[in-house]
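Novice: pasting the sequence and the predicted coordinates here, then a few questions.
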Amino acid sequence: MNIINNNELGIQGYCDPAFLSVLTAMENNFSTHGETGSAVCIYHKGKSVVDIWGGYQDAAQTVPWHRNTMCIFYSIAKSLCALSVHILADRNLIDLDEPVAKYWPEFAQNGKDAVKIRHIISHYCGVCFTDAADPGDIFDYKKMIHNLEVQELAWEPGTKGAYNTVNIGYLAGEVVHRVTGKTIRQFIHENICKPLKTDYKVGVDKEDLERIADIIPNPSGFSMGGMAIPGSPLARAWQAMPKPFDTDLQNTTKFRTAGIPSFGGFGTARAMARIYAALANGGTIDNVQILSKKALSRATTVQWEDKSNGTTEQPMCMTMGFWKNTGKLKTMGQSREAFGHSGSGGSRALADPKHNLALAYLTNLQSEKLGSGVRTETIVQAAFDNL
């Protein structure tokens, strides 16, 4: 294992010689692609083989990114909300083929009585809008639940896939709450992060604030504020979002501590890689089981694939909570068995059972595209160079 201490680029950590191409890719991200601060962690066959970080937490480049710097993972939180539902199903506390209304009766309003649990975690439920919402309602959990209860179906469940950008965390979260009495934040901590000893939180605590990396807008790339064209399905899906939802707001204490279930999770690359390493290894790592093999197989079976999903209008292949590669896009690496999730700023988490490999990449400089960019894809590709 090589100990890394690159004073020029500020990269530190360790890297197995078999994965030195990942270190080279990270160095190139800083020297060529304008990286500000980032971290990468890779597990292979249940062991951590890459754990490197570098750059700065802030735009002024005065606070170095350190070993325990936390950064937002954005929508990768969605996969952990879905994983929470799978954990309940694995424990026979819910049935994925039962209607959501069995556990949450108020949800049945306006024709939603046939929406099943499997539909909501598969982004296949037709409840991707909240037309009754006011801008900023994402900060009011109870109001979001009411908005979802009164929402009409956009289409019949199981007929059209639509990436549920805002609602999925609240939908899954309320199912978890109705069954366990716990918030989704509590459930993820107690049933995923605490057993695996990982540093990830859906909404950080005040004592964490000093180690949170600032999100930095990419002047030539992706912008949350400019992404949703007025009148588009995505703009309708974002009805509950604050206006504007820019990096200034995302860097506030209010947002960081809010615990937005769909995209408000913060952590280290090390934390997310370990969670996904358990999934790459059949649901268990270091004798800690998060999910049974049977439940994991069910969770990662493709539910739908579309060249233009119903909200972002991008190509997507979706399991019950995880993305898979679609078409020529190798978002999750080269293996057809691989699955994972992207975050809108360029973060990525994936598990590849074929190679028993898991990867997490974090950056505070937003990506060029929604959930992807040259820095992210370079890291993912490099992880598989020698496999």
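Specialist: Here it is on my side, so go on.

Novice: please enumerate the helices of the stretch 251-387 of the chain.
Specialist: 253-258, 269-280, 293-299, 374-383 (DSSP state H, counting those that start in this stretch).

Novice: list the helices and strands the last one packs on?
Specialist: Using 3 or more Cβ pairs under 8 Å, 6 or more residues apart in numbering; DSSP states H and E as the contact criterion, the neighbours of helix 374-383 among helices and strands are helix 20-31, strand 37-44, strand 348-352, strand 357-363. No exception for glycine: its C-beta is placed from N, CA and C like everyone else's.

Novice: now it: buried residues?
Specialist: 374, 375, 376, 377, 378, 379, 380, 382, 383 (16 or more other Cβ atoms under 10 Å).

Novice: and these, which is closest to residue 255?
Specialist: residue 376 (22.4 Å; Cβ to Cβ).

Novice: I'd guessed that closest one sits against residue 365; true?
Specialist: No: counting by Cβ atoms under 8 Å, residue 376 stays clear of residue 365, with 10.8 Å between them.

Novice: okay, and the common contacts of those two?
Specialist: Taking Cβ atoms under 8 Å, 6 or more residues apart in numbering as the criterion, residue 376 and residue 365 both touch residue 346.

Novice: lowest mean pLDDT across the helices of the stretch 251-387 of the chain, which one is that?
Specialist: For these, the weakest mean pLDDT is recorded on helix 374-383, namely a mean of 94.

Novice: so residue 262 versus residue 164, what's the distance?
Specialist: As for residue 262, its distance to residue 164 is 8 Å (criterion: Cβ to Cβ, to the nearest Å).

Novice: overlap in contacts of these two?
Specialist: In contact with both residue 262 and residue 164: residue 78, using Cβ under 8 Å, 6+ apart.

Novice: settle it for me: which of these two has more neighbours?
Specialist: Using other Cβ atoms under 10 Å, the more surrounded residue of residue 262 and residue 164 is residue 164, with 29 against 24.

Novice: check contacts around that one.
Specialist: Per Cβ under 8 Å, 6+ apart, neighbours of residue 164: 78, 120, 123, 125, 127, 128, 171, 237, 262, 311.

Novice: specify which member of these is nearest to residue 88.
Specialist: Out of the contacts of residue 164, the member with the shortest distance to residue 88 (by Cβ to Cβ) is residue 120, at 12.8 Å.

Novice: next, the angle strand 348-352 makes with the longest helix seen in the chain.
Specialist: When secondary structure is assigned using DSSP state H, the longest helix within the chain turns out to be helix 76-90. Using axes from the mean of the first three to the mean of the last three Cα atoms, to 10 degrees, the inter-axis angle of helix 76-90 relative to strand 348-352 is 40 degrees.

Novice: could you list every helix and strand in contact with the helix or strand that helix 76-90 is followed by?
Specialist: With elements assigned by DSSP states H and E, the helix or strand that comes after helix 76-90 is helix 117-121. Where contact means 3+ Cβ pairs under 8 Å, 6+ apart, helix 117-121 is packed against helix 76-90, helix 168-180.

Novice: give the burial count for the residue nearest to residue 352 when sequence neighbours are not counted, as a bare number.
Specialist: The spatially closest residue to residue 352, leaving aside those adjacent along the chain, is residue 338, at 4.1 Å (Cβ to Cβ, 6 or more residues apart in numbering). When counting by other Cβ under 10 Å, one arrives at 27 neighbours for residue 338.
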